[in-house]
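Chemist: what follows is a predicted structure for the sequence shown.
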Amino acid sequence: MIKSLSQLPLDRLAKEPAVLQLKLEDLNGALEEAVVDNCSVLLSSSRCLTYVEGDVASVASRLSGLQQSLSQLKERLQVFMDISGRASSTHAALQLLWAMQETVTELMALPAMIRNCCKARLYSEALDLAVFAREQLVSLGARCRREEPLLRVIGRQVEEERIACHAALLQELGTAENFAHIVKLLGHLRRVGFFPEDHLRRQFIDRRGASVSALKSAVETQCANDCVRGLCSAASLLSGAILEVVTQYRAIFGDLHMSIAFWLRMQVTWFLLLVHRNLTLSRRKHRNEPLACHRGDSRSVPPLMTSLKDKAWLHVGAQLPEGRVGEEPPLDAASLSSLYRHTQHAACCLRRVGAYFFPAVVPVFEHYLHSVLQHKGNVALSRLHQDLRCYSWDSSALFRSLLEKCEEVSHDAGPLVKFSSVCDESGASERFALLRHPPLCTFMNELLKVLNAALDFPLFTVVTALPTMFKRILLRGAYILESIRRDVIEQTTDKQTKDEFASLCQAYVNILLPLLVADLRSVLNFKFVPEAVFSDVKDWVEQQRLYETSCCV
């Protein structure tokens, strides 16, 4: 159009706007006429569109409700399909069960058969039946494609019987006496398979240890009535039932696990506590105080013998009421020796399983035996003191008869016997001079009782302490002689009494001491130097001049 306009002449180009204006007016008029002519058609079309729009909205709302109904219908159809499928499966399973009625009937009888086998102790057959029942139930469940209520009931009954069989096996494990039977029971328990191997080990210890606990209670009751028999029974329990449990455990499981080691340690601890409780003496009740017969102080010891002043066991100034030597220990040396041997045997038996406890209990026996020997020594000293207090200071009839026989053989014998050393063969006959004084004979017999009691005990450390113990007893005996001289002899003017006292003191040093030295030398297996042990006793008696009649005036 621009190209055509560019080709017009100028005058025509100047008239072109007016021409265009006229054409626009013509077009507007034609448009208005067309609108007027077609107005009715446009109005009718508008109403139709309004009606159509309303119908579409109504249809849309109805379609949405139908859509919701379709989802619910779909869910119900799915539920129906599921129920029908299960019903079909149930029907098929029931048909299968009906076809296998004989097999199901046999399965229903299996729980009762398992129970009867357990009661008859046919554990292998009972476990075989339980395994067979489980296999059949699994097979039937797979073929039925679902777990039937009847099969669930049968499976629950079989499981209950298996639990009852497990309990019966554990109960019989605690009472079985034959080792082969115990091994079979453990094999059955492993087949039951309720618990792991560690739990089976603990069950073995608990069940086999239950009888041990009952025996321990009986032993404790027996100890309250009879200490010796109770402790010997406790030692026998260690070497018997307790060792049997441990050895069976090691033979079955192949090692000594921490659990059995702890259990064994508890049993050994129980025995040690029992021994300590019954053999540990109360210091107040069972102390054996040193015997002295007169109040004094350490100044009674000669000043040149400073070693005696320093000995705590001398206790020169101590005093007990007359006739009291402390309470006697409840066990004598023979009973203690028997208990010691039982304990040593038990410790040697437990050595095989690594529980050698003997070094822990030896000090208790040593302390108790020392208390027994100290009590016997104090009894000897107390009796010596009482005999000297009641002594008539006259030679015994037995000694006089021996003296008369000696005079018949030799008229050269004097009225007094010259005491020589027992170690000399020439003085062998003069040993009978000890019979001149019955208190010394009784004292010597009491000392031999102490020696025999120590020798009956199989413990070397006790034997090695004998020289020191006898040294203490003899020193106290010498002090008793010194107190008798001070209280009795110095208060009398009878020369015969003083001569008899001097003879008694001389026999104490020259006869009784060598006799005791000879006995000790014959029983001690090590080098024994009597001078190193009894020199203090002899020196003290000599410095006190006890056997010199002149000092008694």
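Modeler: Yep, that arrived.
Chemist: can you list the weak-confidence ranges in the stretch 1-150 of the chain?
Modeler: By pLDDT under 70, the weakly predicted segments of the stretch 1-150 of the chain are 1-8, 40-43, 92-94, 96-101, 143-148.
Chemist: would you map the helices across it?
Modeler: Remark: helices assigned in the stretch 1-150 of the chain by DSSP state H, counting those that start in this stretch are 2-7, 10-99, 101-119, 123-144, 149-175.
Chemist: per-residue pLDDT, Ala234?
Modeler: On pLDDT, Ala234 comes in at 93.
Chemist: go on, the one 3 residues further on?
Modeler: In this prediction, Leu237 carries a pLDDT score of 93.
Chemist: what about the helix or strand where it lies, distance to the chain center?
Modeler: Per DSSP states H and E: Leu237 is located in helix 227-237. Centroid separation for helix 227-237 versus its chain: 17 Å, with CA atoms, centre = their mean, to the nearest Å.
Chemist: list the contacts of it.
Modeler: Contacts with helix 227-237, where a contact means CB atoms under 8 Å, 6 or more residues apart in numbering, come from 212, 215-216, 218-224, 271, 274-275, 278-279, 330-331, 335, 338-339, 342-343, 345-346. The C-beta positions use only the backbone N, C-alpha and C, and glycine is treated the same way.
Chemist: the residues you listed, buried ones only, as a ChimeraX selection?
Modeler: The following ChimeraX line selects those of these that are buried, judged by 16 or more other CB atoms under 10 Å:
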select :212,215,216,219,222,223,271,274,275,278,279,331,335,338,339,342,343,346
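Chemist: may I see the helices of the stretch 1-150 of the chain organised as TSV, with distance to His437 and mean neighbour count added?
Modeler: Output for the helices of the stretch 1-150 of the chain, formatted as TSV (distance: least, CB to CB, whole Å; neighbours: other CB atoms under 10 Å):
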stretch	distance to His437	mean neighbour count
helix 2-7	177	8
helix 10-99	111	10
helix 101-119	83	16
helix 123-144	81	17
helix 149-175	68	17
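Chemist: and these as TSV, adding distance to Asp499?
Modeler: Formatted as TSV, the helices of the stretch 1-150 of the chain follow (distance: least, CB to CB, whole Å):
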stretch	distance to Asp499
helix 2-7	185
helix 10-99	123
helix 101-119	94
helix 123-144	93
helix 149-175	79
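Chemist: residue nearest the centroid of the protein?
Modeler: Nearest to the geometric centre of the chain sits Met266, at 1.0 Å (CA atoms, centre = their mean).
Chemist: show me the contacts for that one.
Modeler: Contacts of Met266 by CB under 8 Å, 6+ apart: none found.
Chemist: show me what contacts the nearest residue to Tyr368 once chain neighbours are set aside?
Modeler: In space, and not counting its chain neighbours, Tyr368 is closest to Leu279: 4.8 Å by CB to CB, 6 or more residues apart in numbering. Residues near Leu279 by CB under 8 Å, 6+ apart: 231, 331, 364-365, 367-368.
Chemist: ChimeraX command to pick out the buried ones of those?
Modeler: A single ChimeraX command selects the buried members of the contacts of Leu279 (16+ other CB under 10 Å):
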select :231,331,364,365,368
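Chemist: and Leu384, what pLDDT?
Modeler: pLDDT, Leu384: 90.
Chemist: leaving out sequence neighbours, find the closest residue to it.
Modeler: What sits nearest to Leu384 in space, not counting adjacent residues and going by CB to CB, 6+ apart, is Phe443, at 4.5 Å.
Chemist: hang on, isn't that neighbour packed against Gln386?
Modeler: No: judged on CB atoms under 8 Å, Phe443 makes no contact with Gln386 at a distance of 10.9 Å.
Chemist: more neighbours: the two, which one.
Modeler: Set side by side, Phe443 and Gln386 show more neighbours around Phe443, with 25 against 15, by other CB atoms under 10 Å.
Chemist: tell me the pLDDT at that one?
Modeler: For Phe443, the predicted pLDDT is 90.
Chemist: how about Leu264?
Modeler: 92.
Chemist: quick check on it: phi, psi?
Modeler: For Leu264, the backbone dihedrals (degrees, to the nearest 10) come out as phi -60, psi -40.
Chemist: ok, it - how many residues close by?
Modeler: Other residues close to Leu264 by other CB under 10 Å number 23.
Chemist: kindly report the same for Phe195.
Modeler: What Phe195 shows, counting by other CB under 10 Å, is a neighbour count of 14.
Chemist: now the residue lying closest to it once chain neighbours are set aside: which helix or strand?
Modeler: Using CB to CB, 6+ apart and skipping the chain neighbours, the partner closest in space to Phe195 is Gln203 (7.4 Å). Secondary-structure assignment from DSSP H and E places Gln203 in helix 197-225.
Chemist: could you do Pro458 as well?
Modeler: For Pro458, there is no host helix or strand (DSSP H and E).
Chemist: what's the answer for the one 3 residues further on, then?
Modeler: Assessed by DSSP H and E, Thr461 sits inside helix 460-464.
Chemist: buried sites along that helix?
Modeler: For helix 460-464, by 16+ other CB under 10 Å, it's 462-463.
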